[in-house]
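# fold the stuff below for me.
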Amino acid sequence: MAHARGRGPRAGLRLALPGVPARGFDVDRALAAVNEQRSALGHPPFAGPVTLRGVGQASLAAVAAASGAGQQPQRGALRAAVSYTLSLLTAQAPGRTVEVRIPPLAAVQCVPGPRHTRGTPPNVVETDPLTWLELATGQLAWSAGVASGRVRASGQRADISAYLPLVSADTARPAGN
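Residues are numbered from 1 along each chain as shown. Okay, here's the model as predicted:
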């Protein structure tokens, strides 16, 4: 049975983890997506810790495994990995000065400083999900992403390179499967 967002059996678990906001990352939904991706790759279900960090890292590994196998990652696993890394970004850079958009999956506001209240934000970062994950794991340098046009950053405060990478590239590598 599907649970409303934040009402699953482990919903309180997300709130109990200091330093990482629960907003945007549902452990139960992410775990289901990770297991669907693992099944599509012929891997057994995830057997690690069912925590925000455990499932978040498993989502990164599942996306990396699909990409490494020459497959397009499934949307649910991709959404979980993007949501996890954006949650890490908002924990590391709380604020509302920069809007980071990963269409069509997610968008967050982050970075301390003046915030916008109406209309289009003056500081925007936008990229596709796979490019975002490369940035988040350090597989793509901010400057290279911007120079190639894979990352679009507008506004004086849109450079979020000081907060990247968010996780080690090793986290995104599939473990043993």
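# what's the closest non-adjacent residue to residue 121?
Leaving out its chain neighbours, the residue that sits closest to residue 121 by C-beta to C-beta, 6 or more residues apart in numbering is residue 99, at 4.4 Å. Just so you know, the C-beta spots here come from the backbone N, C-alpha and C atoms, and that holds for glycine as well.
# my guess is that neighbour contacts residue 115, does it?
No. Using C-beta atoms under 8 Å as the test, residue 99 is too far from residue 115 to be in contact (9.9 Å).
# these two: which is more packed in?
Applying other C-beta atoms under 10 Å to residue 99 and residue 115 shows that residue 99 carries more neighbours, namely 21 against 15.
# where does pLDDT dip in this protein?
By pLDDT under 70, the weakly predicted segments of the chain are 1-23, 116, 173-177.
# wait, a strand at residue 99?
Yes. Residue 99: assigned to a strand according to DSSP: H, G, I helix; E, B strand; the rest coil.
# residue 160 contacts residue 100, doesn't it?
Yes. Look at residue 160 against residue 100 with C-beta under 8 Å: they come within range, at 7.0 Å.
# hey, what's in contact with both of these two?
Here residue 160 and residue 100 have 89, 110, 125 as joint contacts, going by C-beta atoms under 8 Å, 6 or more residues apart in numbering.
# top of the residues you listed by neighbour count?
Within the shared contacts of residue 160 and residue 100, neighbour counts (other C-beta under 10 Å) peak at residue 125, which reaches 27 neighbours.
# about what we covered before: tell me which of the shared contacts of residue 160 and residue 100 fall in strands.
Of the shared contacts of residue 160 and residue 100, the ones assigned to strands by DSSP state E are 110, 125.
# and which of the shared contacts of residue 160 and residue 100 is nearest to residue 166?
residue 89 (5.9 Å; C-beta to C-beta).
# OK, contacts around the closest one?
Taking C-beta under 8 Å, 6+ apart as the test, what residue 89 contacts is 100, 108, 110, 136, 160, 163, 166.
# quick revisit: contacts only, for the residue nearest to residue 121.
107, 108, 109, 121, 123, 124, 125.
# relative to residue 132, how far out is the residue nearest the centre of the chain?
The centroid of the chain falls nearest to residue 82 when counting by C-alpha atoms, centre = their mean (2.3 Å). To residue 132, residue 82 is 6 Å away according to C-beta to C-beta, to the nearest Å.
# can you pull out the strands in this protein?
98-102, 106-110, 124-127, 151-154.
# how about a markdown table for these, with distance to residue 71 added?
Formatted as a markdown table, those follow (distance: least, C-beta to C-beta, whole Å):
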| stretch | distance to residue 71 |
| --- | --- |
| strand 98-102 | 20 |
| strand 106-110 | 22 |
| strand 124-127 | 21 |
| strand 151-154 | 24 |
